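In: What follows is a protein structure lacking sequence information:
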């Protein structure tokens, strides 16, 4: 009997997994959408709410300030609406940059509109100080885009807050430098936080992927074990256990429909010399090809099976009934199938080890004439197979013993 070996691979782990950037972006997609909606809604609420502050801090240009706030709110609303479309993830960096850039531009514009004595000139940058960490915390924008937004806000604020006169420079520079330093500090804190969050998100993605693959590997192993519990790994045919279940099923169907069926027990002739001469690999290839050939004789619900070693079996439905008067016809039909199987298996097999030829001894048992139970049918077909094998060997011996001995040739020399 040839040995069968199963190869089980270890499931991949996070440490051995090549990072999949496309998969990572798909993994982040739900969080991207969720954070974008939070950011846009929060921005709209704050931008609209602080319009009341303009009446005190920017009384010289309230109408213009409210127009700017309206434009910024519309930009945020456009990005918010896009989160319900496929375009959002496809153009994520662009659509998320729009509201943040709009807010930054709005703050710069409000600062520029304020008169030197108005509070908005100095205080409104506080929104920018909050904006930079928000960009980092509520988005997954690329670092270059985040940096560009931070630089745009800083440069724009400095340009808008300092009056281009000597007096204005002296008056505004201390406050502008202070706010600028706070802007830079808040930006650095936000970037560091963004990097830490992205790092943990990537680790989570890798662990999630590794866990997913481990679960899939376990499920596949369970499916394989379930398959191997009922099938032969080498030939792919049902094993003895599954074959007995098939016989039980056929018995129930035959009793209900009064139809006979046959169990054909097959033993390969000449298989051992193949193993001895060419090795177990050649034997395995022979068994695999035998399984393929036998499958052609098993029309569902019938089946072919490998019982073990070089022993196979085929379950075949017959058109004859179960009455005693039809027994001869049922056995004759089963013999014809057995003859076709023997002829098919006797055809040469092309293998990597050369063309190999074997034979097959096929025994039959017919339900219900050979037995009414699974064990009885298997035993009867096994006994019949050995009877066929003995008869074949006896016929071969008889043919050898009755063949005339070859005459010795002599040659004479003319004298």
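Out: Structure received. Since we're looking at a predicted model, the values are computed, not measured. Residues are numbered from 1 along each chain as shown.

In: which residue is nearest the middle of this structure?
Out: Among the residues of the chain, the one closest to the centroid is residue 216, at 7.4 Å (CA atoms, centre = their mean).

In: Now do the SS call for it.
Out: helix (DSSP: H, G, I helix; E, B strand; the rest coil).

In: burial of residue 120, as a residue count?
Out: Residue 120 sits with 23 neighbouring residues when counted by other CB atoms under 10 Å. Placement of C-beta: from N, CA and C, glycine included.

In: And for residue 84?
Out: 10.

In: Please apply the same query to residue 352.
Out: Number of residues near residue 352 (other CB under 10 Å) recorded here: 8.

In: Name the spans of the chain whose pLDDT lies under the cut-off.
Out: By pLDDT under 70, the low-scoring segments of the chain are 1-19, 166, 168, 299-301, 399-415.

In: what about the strands in it?
Out: Counting by DSSP state E, one finds strands in the chain at the ranges 259-269, 304-308, 311-321, 349-351, 354-356, 359-367.

In: As a markdown table, those with mean neighbour count and distance to residue 282 would be great.
Out: What follows is those, written out as a markdown table (neighbours: other CB atoms under 10 Å; distance: least, CB to CB, whole Å):
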| stretch | mean neighbour count | distance to residue 282 |
| --- | --- | --- |
| strand 259-269 | 24 | 13 |
| strand 304-308 | 22 | 17 |
| strand 311-321 | 21 | 18 |
| strand 349-351 | 16 | 6 |
| strand 354-356 | 13 | 7 |
| strand 359-367 | 23 | 16 |
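
In: Let me know which of those strands is the nearest to residue 79.
Out: strand 304-308 (64.0 Å; CB to CB).

In: Next, work out how far apart the residue nearest to the centre of the chain and residue 119 are.
Out: 61 Å (CB to CB, to the nearest Å).

In: OK, contacts around the residue nearest to the centre of the chain?
Out: Going by CB atoms under 8 Å, 6 or more residues apart in numbering, residue 216 touches no other residue.

In: Which one of the strands of the chain lies nearest to residue 151?
Out: strand 349-351 (71.9 Å).

In: Break this structure down into its structural domains.
Out: Domains of the chain are assigned by automatic domain parsing as 18-213, 240-398.

In: thinking residue 346 is in contact with residue 362, fair?
Out: No. Applying CB atoms under 8 Å, one finds residue 346 not in contact with residue 362, separated by 10.8 Å.

In: tell me the contacts of residue 46?
Out: By CB under 8 Å, 6+ apart, the neighbours of residue 46 are residue 127.

In: which residues of the stretch 301-415 of the chain fall in helices?
Out: All helices of the stretch 301-415 of the chain, identified by DSSP state H, counting those that start in this stretch, fall at 327-346, 374-402.

In: and the longest one with strand 304-308, angle?
Out: Between the axis of helix 374-402 and that of strand 304-308 there is an angle of 80 degrees, by axes from the mean of the first three to the mean of the last three CA atoms, to 10 degrees.

In: so what secondary structure elements neighbour helix 374-402?
Out: In terms of contacts (3 or more CB pairs under 8 Å, 6 or more residues apart in numbering; DSSP states H and E), helix 374-402 is packed against helix 240-257, strand 259-269, strand 359-367.

In: What residues sit buried inside it?
Out: Residues of helix 374-402 classed as buried by neighbour count (16 or more other CB atoms under 10 Å): 374, 377-382, 384-385, 388-389.

In: what's the closest of those residues to residue 149?
Out: For the buried residues of helix 374-402, the nearest to residue 149 is residue 374 (77.6 Å; CB to CB).

In: contacting residues for that closest one?
Out: By CB under 8 Å, 6+ apart, residue 374 lies in contact with 244, 247-248, 251.

In: For those, which ChimeraX command selects only the ones that are buried?
Out: Here is the ChimeraX selection string for the buried members of the contacts of residue 374, based on 16+ other CB under 10 Å:
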select :244,247,251
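
In: and the contacts of residue 374 as CSV, adding distance to residue 36?
Out: Formatted as CSV, the contacts of residue 374 follow (distance: CB to CB, whole Å):
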residue, distance to residue 36
244, 62
247, 64
248, 61
251, 66
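
In: Of the contacts of residue 374, just say which sits nearest to residue 315.
Out: Nearest to residue 315 among the contacts of residue 374: residue 247, at 6.4 Å, using CB to CB.

In: Might one say that that closest one is in contact with residue 315?
Out: Yes. Counting by CB under 8 Å, residue 247 touches residue 315, with 6.4 Å between them.

In: between the two, what contacts are shared?
Out: Jointly contacting residue 247 and residue 315 under the rule CB under 8 Å, 6+ apart are residue 263.

In: ok so, going back, between residue 346 and residue 362, what contacts are shared?
Out: With CB under 8 Å, 6+ apart, residue 346 and residue 362 have no common neighbours.

In: which residue ranges form the helices in the stretch 1-150 of the chain?
Out: Counting by DSSP H, counting those that start in this stretch, one finds helices in the stretch 1-150 of the chain at the ranges 21-49, 51-57, 62-82, 87-90, 92-113, 120-123, 125-137, 143-161.

In: Count the residues that sit near residue 335.
Out: Residue 335 has 15 nearby residues by other CB under 10 Å.

In: Look up how far residue 328 lies from it.
Out: Using CB to CB, residue 335 is found at 11 Å from residue 328.

In: What of residue 158?
Out: Distance from residue 158 to residue 328, by CB to CB: 109 Å.

In: hang on, the earlier thing: so for residue 284, which of the strands of the chain sits nearest?
Out: Residue 284 sits nearest to strand 349-351 of all those, at 9.8 Å, using CB to CB.

In: would you turn the domains of the chain into a markdown table with distance to residue 222?
Out: Below are the domains of the chain laid out as a markdown table (distance: least, CB to CB, whole Å):
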| stretch | distance to residue 222 |
| --- | --- |
| domain 18-213 | 15 |
| domain 240-398 | 17 |
